[in-house]
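**Q** coords please:
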Amino acid sequence: MRWVWLVLGVLAILVGSVWTLQGLNIVGGSAMSGHGLFAVIGLIVGVIGVFLVVFGARRRAASA
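**A** Okay, here's the model as predicted:
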C-alpha cells in the first residue's frame, strides 16, 4: 500500500508540472494554454504530489 502513495505523488507532480507550464503558456496546444488559473491549479496539484511522496516515503521508512 505504501507504493500507492509514491505513485500517486509522482503522477500528481507530473500532471501539476504540465498544467503549470500550460498555464504559463510555455507548453501550447491546449485550451489551458495561457490561462493563469491553470498555472495556480498546477502548482497546487504539484505541491500535493510532493506531500504524497514524502508521506509515502516516511511510511516506508517507518515500517521497514
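
**Q** and Ser30, which of the three is it?
**A** On the three-state scheme (DSSP: H, G, I helix; E, B strand; the rest coil), Ser30 is labelled coil.

**Q** next one: phi and psi at it?
**A** phi -140, psi 160 (degrees, to the nearest 10).

**Q** In contact with it, which residues?
**A** Counting by Cβ atoms under 8 Å, 6 or more residues apart in numbering, Ser30 makes contact with Gln22. Where you see a C-beta, it was placed from the backbone N, CA and C, and this is true even at glycine.

**Q** again with Gly28
**A** Gln22, Gly34.

**Q** outside of the helix or strand hosting Val15, which residues touch it?
**A** Using DSSP states H and E, Val15 maps to helix 2-23. With Cβ under 8 Å, 6+ apart as the test, helix 2-23 has contacts from 27-28, 30, 32-57, 59-60, 63.

**Q** Among those, name the buried ones.
**A** Met32, Phe38, Ala39, Ile41, Gly42, Val45, Gly46, Gly49, Leu52, Val53, Gly56 (16 or more other Cβ atoms under 10 Å).

**Q** I'd like these as TSV, with distance to Val15, pLDDT and secondary structure appended.
**A** Output for the buried ones among the contacts of helix 2-23, formatted as TSV (distance: Cβ to Cβ, whole Å; pLDDT from 0 to 100; DSSP: H, G, I helix; E, B strand; the rest coil):
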residue	distance to Val15	pLDDT	secondary structure
Met32	12	83	coil
Phe38	11	94	helix
Ala39	13	95	helix
Ile41	10	96	helix
Gly42	8	96	helix
Val45	6	98	helix
Gly46	8	98	helix
Gly49	8	98	helix
Leu52	12	96	helix
Val53	13	95	helix
Gly56	17	90	helix
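
**Q** hang on, the earlier thing: pull out the CA atoms of the helix holding Val15 and give them to me as CSV.
**A** Only the C-alpha atoms of helix 2-23 are listed here, as CSV (Å, rounded to 0.1, in the frame of the first residue of the first chain):
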residue,chain,number,x,y,z
ARG,A,2,2.9,2.3,0.6
TRP,A,3,3.9,2.4,-3.1
VAL,A,4,0.5,3.7,-4.0
TRP,A,5,1.2,7.0,-2.2
LEU,A,6,4.5,7.2,-4.0
VAL,A,7,2.9,6.5,-7.4
LEU,A,8,0.1,8.9,-6.8
GLY,A,9,2.5,11.6,-5.7
VAL,A,10,4.7,11.3,-8.7
LEU,A,11,1.7,11.4,-11.0
ALA,A,12,0.4,14.5,-9.3
ILE,A,13,3.8,16.1,-9.6
LEU,A,14,3.9,15.3,-13.3
VAL,A,15,0.4,16.5,-14.0
GLY,A,16,0.8,19.6,-11.9
SER,A,17,4.0,20.4,-13.8
VAL,A,18,2.3,20.1,-17.2
TRP,A,19,-0.7,22.2,-16.0
THR,A,20,1.6,24.9,-14.7
LEU,A,21,3.6,25.0,-17.9
GLN,A,22,0.5,25.2,-19.9
GLY,A,23,-1.0,27.9,-17.7
